[in-house]
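Chemist: Got a predicted structure plus its sequence, pasted below:
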Amino acid sequence: MKLTPTQAASLSDEVYALTKFPVLEDAITHLNHEYGGHLSFYEENMLKGKTGGPAFIKVRTAFGFLLLGQKNLKGNAFILFRGTQYLADWLTNLNLTLSPSASGQPVHDGFNKAFHSMLPQIGPFVRSLPPGTHVHCLGHSLGGALATIAAEWVRKTTIHLPKLYSFGSPRVGLIGFSEQCTRLLNDENIFRAYHRTDIVPCIPIWPFVHTPSTDRDFFLPSPGLIPWKTYHDMALYQKSVARKSWEDIQAMRPPAKTDSGIEAWLKSKAVIGQTMSAIEWLNEAIIYVVKKCMEFAGRVINFTATTYFTLMDQLAMVLDRGIKLLVGSVSLVLLLVKKIMQFLGMTRAPDAASVTHDFLRNLLIRLSARVNDISRQALSATLADGRGL
Amino acid sequence: MLRKFVLCAVLAIVSGSLFAMSIFDAGKVCTFSAISGVILHDGQPVSGARVIRVTDYQKKKQDETVTDSEGYFELPAVYERHVVNLLPQEFVVGQLINVSHNEEEFKIWSGVKRKREENAESRGKPLVVTCELTREDEIIKVDGQPFITKCKWDVDPDVKEDIF
């Protein structure tokens, strides 16, 4: 059985209220009432004895709930997550470090540590489930990241094949983790929903990527030209998925941009602005151009960049090697450089002689900084609204 | 593989150091709206009862009052400063009101506020309650915010949908 988007969103939202009820019994009462007795806490009697565990996991960095399906949900188990401020602080710390996931792939150490501190309760729970139990891992935001690590762990270390649902999750690990996790779970069991203009799925920076590694994710259109924090709200996710099936949501995904579309965009005379749309086109165009350059100049970079600046350097190197690559009579790299400069508001027309490795590297870093600025402005505006209270 | 690598690289470019900063904001949020009303026991006003209110936002805060001869009490709105980090945070506040009467403690209000605005507990109207200590708890949701309470106030609860 798989949860509908409405069910998954409801559970991912309720985890917030469940953690904040002043009295534990009230959380139990609320859960029973909200879901008509279809869900119960694992070992509810122990909870009522106020031992605090094991269904109610509270560590400094995260909260988790272990739930069992009742009535027609018998045979289903649920692991719900939510992160805390501590985890947010870890995530936003620039000193990103990595540690190995259950299958030995690199993931953000903060998420990994948080998950491992919950494992003494999650482990016995999952192992106690009879064969054939459907295990569902869910979470919004940081909770989505924890659910991802948990799902991989369940698959790797137990007999169960879990399903994973996340809303507005940040990126959890590197490409190796993403691919391995996708292989282990199968992308049909992964439901990653995100608003187009939610800022959280944009972090942490490279080399972090989303799971699944395939295109099977659940894009939700949201208003705004630039990434905005409003559309990270769980309430808005609930609204966006209400009464839709996963297939309905999948149908909303915009088609991938084609090679000829990208070339046409690169050659177009239209001046681009600093919008989400321009950012998306630039994304695709850079991927396309870098790919072409690699085909042209050979594989000139290794894939072991470990810092942001090393990566920019390597990208610049690829573009530099491909500068003589022509489409028609113009250099593809120069077309791209022109678009990036437009985006940055730089007017000087580039020529092949001035476009050196250093120039390209600086341009890429400036691009990054500019997008950063856009986001900062967006956030400042949001904060100014908040002051009206 | 290559495409993915480049995709990562590009995502890095656009996301850059988005999260490098945190913003401290002087904004305030309402963690418990002004609440007033009457405490009853078997329909009779309860005078001289302690009404103790706890909010649990970034940390726990408590205030209290005593009912007058008509069982009437009022507590002001609680506003708290919130530190806004770059990462958006869900707004979640635990709310509790206990009434202490004749050495007995009654939990009359246990809930979770999910909206930052004052009077979100009553869809924007002033929160005026009548609480009967002998009553069974009622479980309701108002605008997605759950309450387990012995109080009644002028609000239409959310219509419950059975999703399973």
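Modeler: On my side now, so go ahead.

Chemist: who touches A:Ile122 in this structure?
Modeler: A:Ile122 makes contacts with A:Ile57, A:Gly64, A:Leu66, A:Ile79, A:Ala150, A:Trp153, as judged by C-beta atoms under 8 Å, 6 or more residues apart in numbering or on different chains. For glycine as for every other residue, the C-beta is placed from the backbone atoms N, C-alpha and C.

Chemist: ok, 6 Å please
Modeler: A:Ile122 makes no contacts at all, as judged by C-beta atoms under 6 Å, 6 or more residues apart in numbering or on different chains.

Chemist: can you pull the pLDDT of it?
Modeler: We note a pLDDT of 93 for A:Ile122 in this prediction.

Chemist: B:Tyr57 versus the residue at minimal distance from the centre of chain B, what's the distance?
Modeler: The centroid of chain B falls nearest to B:Lys113 when counting by C-alpha atoms, centre = their mean (2.9 Å). Per C-beta to C-beta, to the nearest Å, B:Lys113 is found 9 Å from B:Tyr57.

Chemist: any common contacting residues for those two?
Modeler: B:Val93.

Chemist: so where's chain B uncertain?
Modeler: B:1-26, B:83-87 (pLDDT under 70).

Chemist: Can you show me the strands along it?
Modeler: Ranges of strands within chain B are B:28-32, B:35-41, B:44-45, B:50-56, B:60-66, B:72-75, B:78-81, B:93-101, B:104-113, B:127-132, B:138-142, B:145-149, B:151-153, based on DSSP state E.

Chemist: Just name the most buried of the ones you listed.
Modeler: strand B:145-149 (a mean of 23; mean count of other C-beta atoms under 10 Å in any protein chain shown).

Chemist: number of nearby residues for B:Val92?
Modeler: 19 (other C-beta atoms under 10 Å in any protein chain shown).

Chemist: Pretty sure it sits against A:Val15.
Modeler: No: contact criterion C-beta atoms under 6 Å: B:Val92 and A:Val15 do not qualify, at 9.7 Å.

Chemist: where do the strands sit along chain A?
Modeler: Going by DSSP E, chain A shows strands at A:39-41, A:56-59, A:62-69, A:76-83, A:98-100, A:106-108, A:134-140, A:163-167, A:173-174, A:190-195, A:208-209, A:218-220, A:326-327, A:330-331.

Chemist: nearest to A:Val318, of the ones you listed?
Modeler: strand A:330-331 (14.0 Å; C-beta to C-beta).

Chemist: Paired strands for that closest one, with orientation please.
Modeler: Strands that pair with strand A:330-331, judged by DSSP bridges, come out as strand A:326-327 (antiparallel).

Chemist: pLDDT averaged over the strand it pairs with - what is it?
Modeler: 80.

Chemist: Same check on stretch A:274-287?
Modeler: For stretch A:274-287, the mean confidence score works out to 78.

Chemist: Alpha carbons only: can I get that stretch in CSV?
Modeler: Presented in CSV, the C-alpha positions along stretch A:274-287 are these (Å, rounded to 0.1, in the frame of the first residue of the first chain):
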residue,chain,number,x,y,z
GLN,A,274,16.9,37.7,-12.8
THR,A,275,13.9,35.4,-12.5
MET,A,276,13.4,31.8,-11.5
SER,A,277,12.7,31.1,-15.2
ALA,A,278,16.1,32.6,-16.2
ILE,A,279,17.8,30.6,-13.5
GLU,A,280,16.2,27.4,-14.8
TRP,A,281,17.3,28.1,-18.3
LEU,A,282,20.8,28.9,-17.2
ASN,A,283,20.9,25.7,-15.2
GLU,A,284,20.0,23.7,-18.3
ALA,A,285,22.2,25.7,-20.6
ILE,A,286,25.3,25.3,-18.4
ILE,A,287,24.6,21.5,-18.1
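
Chemist: these two touch, right, B:Glu64 and B:Ile52?
Modeler: Yes: in this structure, B:Glu64 is within contact of B:Ile52 by C-beta under 6 Å, at 4.4 Å.

Chemist: Excluding sequence neighbours, find me the nearest residue to A:Ala256.
Modeler: A:Asp215 (7.2 Å; C-beta to C-beta, 6 or more residues apart in numbering or on different chains).

Chemist: Please determine how far the one you found is located from A:Met276.
Modeler: From A:Asp215 over to A:Met276 the distance is 19 Å, taken as C-beta to C-beta.

Chemist: Out of the two, name the residue with the larger neighbour count.
Modeler: More crowded of A:Asp215 and A:Met276, by other C-beta under 10 Å: A:Met276, with 17 against 10.

Chemist: Show me chain A divided up by domain.
Modeler: A:5-250, A:259-378 (automatic domain parsing).

Chemist: For chain A, give me the ranges with low pLDDT.
Modeler: For chain A (pLDDT under 70), the answer is A:44-54, A:85, A:89-96, A:204-207, A:226-228, A:298-311, A:371-389.

Chemist: now A:His116: how far from chain B?
Modeler: Going from A:His116 to chain B by C-beta to the nearest C-beta, to the nearest Å gives 22 Å.

Chemist: Tell me which of the strands of chain A sits most buried.
Modeler: Looking across those with neighbours counted as mean count of other C-beta under 10 Å, the highest average goes to strand A:163-167: a mean of 30.

Chemist: starting at the chain centroid, how far to it?
Modeler: 11 Å (C-alpha atoms, centre = their mean, to the nearest Å).

Chemist: near chain B, anything from it?
Modeler: No: using C-beta under 6 Å from any C-beta of the partner chain, strand A:163-167 never reaches chain B; the gap is at least 11.1 Å.

Chemist: Which residues are in contact with residue 145?
Modeler: Looking at chain A here, since you left the chain open. If you count contacts by C-beta under 6 Å, 6+ apart, then A:Ala145 has A:Phe111, A:Ser169, A:Pro170, A:Val172 around it.

Chemist: not what I meant, chain B
Modeler: Counting by C-beta under 6 Å, 6+ apart, B:Gln145 has contacts B:Lys113, B:Arg114.
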